[in-house]
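>>> Only the shape, not the letters, is given here:
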Ligand code: ACM
């Protein structure tokens, strides 16, 4: 795997320092090109890239990065699906422990007869949370069960203290409610494993960050899953975006990349816009149309 980047960028954002919690954090993405149906090879490529990565606190990998994305049908996805003892979960546990950091990555999750397009977040002591994709895209609707749990943020212990993160997967970007639910639950960063096919997400994440004053890490894949009678092409351009909408790191369209950016979480904790406006205090839920 040829990694471009691997650069540690430092960015200082304005805003209050947090009290007792982590103020500085190093977020990263690994963009790669999974080979469909070759999980051992894909896991080995990811392991090699992470082994040589600079220090990070949280690294995000793409959606379904070990299996590939373009399943023909539910039966094929079920055959590739894993539980908490599967190779992807094991890879995340072992790699997180070895690097002393957190990893988030997408995988096909089997739970009894249910099958989810999930993201698994694992910490250095094996701490784990799983998010099941709520908004299923295109053929996914015939393959996976829709996520059965609400968007929830989780606390991650990192060397500088505690930060709060929220998981969403790929097409969830299209629904502002995904990022907003996580931000209202205290998420300071959106961890966003993706296999993007539409062209707009990378720019939309600037808006998601701006409207919630949070960081985001979108880890996309590159290349094409060519299944003979159909193929799906992915758009690369993984991104890290700041709470002011600034793009802090971006990957090429069609090359492997690993980028890590050091940020100041105070910028995501401070929802003030100016002396009179505060993003959270200014909300007027009573004026918003009821959703149902
Ligand atoms: C997608 O949600 N993977 C397009």
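Great, that's in hand. In this text, all values refer to a predicted model and were calculated from it rather than measured experimentally.

>>> what's around the residue lying closest to residue 223 once chain neighbours are set aside, how many residues?
Ranked by Cβ to Cβ, 6 or more residues apart in numbering and with sequence neighbours excluded, the top spatial neighbour of residue 223 is residue 33, at 3.8 Å. (Each C-beta comes from the backbone N, C-alpha and C, glycine too.) Using other Cβ atoms under 10 Å, residue 33 has 20 neighbouring residues.

>>> was I right about residue 33 contacting residue 233?
No. Using Cβ atoms under 8 Å, residue 33 is not in contact with residue 233, being 11.2 Å away.

>>> In the stretch 1-150 of the chain, which residue sits nearest the ligand?
The nearest approach of the stretch 1-150 of the chain to the ligand comes at residue 137, 3.6 Å away (Cβ to the nearest ligand atom).

>>> how about that residue, what does it touch?
170, 171, 197 (Cβ atoms under 8 Å, 6 or more residues apart in numbering).

>>> Please repeat the previous calculation with a cut-off of 6 Å.
By Cβ atoms under 6 Å, 6 or more residues apart in numbering, the residues touching residue 137 are residue 171.

>>> State the pLDDT value of it.
The confidence metric pLDDT takes the value 98 at residue 137.

>>> cool, and residue 290?
At residue 290, pLDDT is 72.

>>> How many residues are close by it?
For residue 290, using other Cβ under 10 Å, the count is 5.

>>> Please give the element, helix or strand, for it.
Assigned by DSSP states H and E, residue 290 falls within no helix or strand.

>>> what's the answer for residue 131, then?
Residue-wise, residue 131 maps onto strand 128-132 under DSSP H and E.

>>> go on, residue 204?
Per DSSP H and E: residue 204 is located in helix 201-212.

>>> near the ligand, which residues of this protein?
With Cβ under 6 Å from any ligand atom as the criterion, the chain comes near the ligand at residues 63, 137, 170, 171, 195, 196, 197.

>>> Next, format these as CSV and append distance to residue 77.
Shown next, in CSV, are those (distance: Cβ to Cβ, whole Å):
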residue, distance to residue 77
63, 13
137, 14
170, 15
171, 16
195, 13
196, 19
197, 17
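
>>> Could you pick out the buried ones from the residues you listed?
Among the residues of the chain next to the ligand, those classed as buried by 16 or more other Cβ atoms under 10 Å are 63, 137, 170, 171, 195, 196, 197.

>>> So residue 48: helix, strand or coil?
Under the three-state scheme (DSSP: H, G, I helix; E, B strand; the rest coil), the conformation of residue 48 reads as helix.

>>> let me redo that: residue 40
Three-state assignment for residue 40 (three-state DSSP): helix.

>>> Now for it, how many residues are close by?
Under the neighbour criterion other Cβ under 10 Å, residue 40 is assigned a count of 10.

>>> let's have the chain start at 599 instead
Sure, I'll start numbering at 599, so the last one becomes residue 638.

>>> Name the nearest residue to it, ignoring sequence neighbours.
Using Cβ to Cβ, 6+ apart and skipping the chain neighbours, the partner closest in space to residue 638 is residue 685 (7.5 Å).

>>> Let me see the backbone angles for that neighbour.
Reported as degrees, to the nearest 10, the phi and psi values for residue 685 are phi -60, psi -30.

>>> Ok, the one 10 residues further on next?
Dihedral pair for residue 695: phi -70, psi -40, per degrees, to the nearest 10.
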